[in-house]
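**Q** dropping the sequence and predicted coords here.
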Amino acid sequence: MPNQLKVYDGSKWVDQTPKAWNGASWAPSPPLYWDGAAWMSAAPTPREFPAYQASTRALVVDQGLAELALPPVRTNDFIVSICVSSGSAPAPRLVTPAGAIPTQYTLASGLLVAVAVWPWEPSRGTSVIWDVGSAHNAALMNLVYRSGDVSNIGLTPVVGIREYSNTNSLPLMASTGYRNLYAAITVSNSLTGLAWPSGVAARDQQLGTFGMNQISLMAADTPGAGGSPGAVQLDTTVSSAAVVLISVPGKSDGKPTWILGDPVGSSLGTTTTLEL
């Protein structure tokens, strides 16, 4: 029994556990914990498609340590931190928070990509620090998702990477189960925008300074599984680009789901049912 309290009345121990009205009866009050925003008695039930909350981003130039604050967070929020740097420096290394191990990739273009994910709780702090060494410039982004299945976080959240050259169109790889986060990366001195395909929700973008060859990092997500949602259209041709696919873990409720833009995983009458 939570918060159990017994008092000796002189002959026996009598239960005096505090109780709260739950709408139907007086029940023992559950233990509470502060999740960073409110007092909670338990973590929220994981969703199949965790909800995007907010993000922060930054572009740093000639700065060895790059710090980026997290958006407002709550315990068990799923944090995705992305750092992309250029130059001959080693791949970005995560300094803070301790214990979160990034996966690191070197692209054919020479860009260095690192992705770290972790469930947030107060001891993790409210900012992320990346060591980008002697990299000339780097783009950073932190994204927060709520009600994910934090018990199912893998060591390699990156599902796949696809690279492109001399193009203004970046076909997206097939989505996977649960929520899919796409990060488009390129270096350009004239990129000013892009368009994600139907069914993919743009979340944030950090564009390089116009007229300077700097990294641009753009993120969007979609639920679904089984098919490619289409292609990202850039407003200029770039010499090289890449798309990184990151899985945000959820927990299936066993119910069929219809997903806009996914003809493979969302066929009415096959994978989904219509209820009136």
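**A** Looks like it arrived, so ask away. Residues are numbered from 1 along each chain as shown.

**Q** what's the first-to-last distance across stretch 141-160?
**A** From its first residue to its last, stretch 141-160 covers 18 Å (C-alpha to C-alpha, to the nearest Å).

**Q** quick one: average confidence on it?
**A** Mean per-residue pLDDT for stretch 141-160: 90.

**Q** cool, and stretch 92-100?
**A** Stretch 92-100 comes out at a mean pLDDT of 93.

**Q** flag every buried residue along it.
**A** Buried positions in stretch 92-100, judged by neighbour count with 16 or more other C-beta atoms under 10 Å: 92, 94, 97. (Each C-beta comes from the backbone N, C-alpha and C, glycine too.)

**Q** what is the end-to-end distance of it?
**A** Stretch 92-100 end-to-end distance (C-alpha to C-alpha) = 13 Å.

**Q** who touches that stretch?
**A** 65, 67, 81, 83-85, 101-102, 104, 112, 114, 116-118, 123-125, 127-133, 135, 138 (C-beta atoms under 8 Å, 6 or more residues apart in numbering).

**Q** hmm, 10 Å instead?
**A** For stretch 92-100, contacts defined as C-beta atoms under 10 Å, 6 or more residues apart in numbering pick out 65-67, 70, 79, 81-85, 101-102, 104, 112-121, 123-133, 135, 138, 140.

**Q** flag every buried residue along stretch 110-127.
**A** Here stretch 110-127 shows 111-121, 124 as buried, counting by 16+ other C-beta under 10 Å.

**Q** correction: stretch 38-53
**A** Applying 16+ other C-beta under 10 Å to stretch 38-53 flags 40, 46-50, 52-53 as buried.

**Q** stretch 163-182 now?
**A** Buried-residue list, stretch 163-182, by 16+ other C-beta under 10 Å: 164, 168, 170, 172-182.

**Q** how about Ala242, what does it touch?
**A** Ala242 is in contact with 84, 105, 107-109, 111, 113, 161-165, 170, 183-186, counting by C-beta under 10 Å, 6+ apart.
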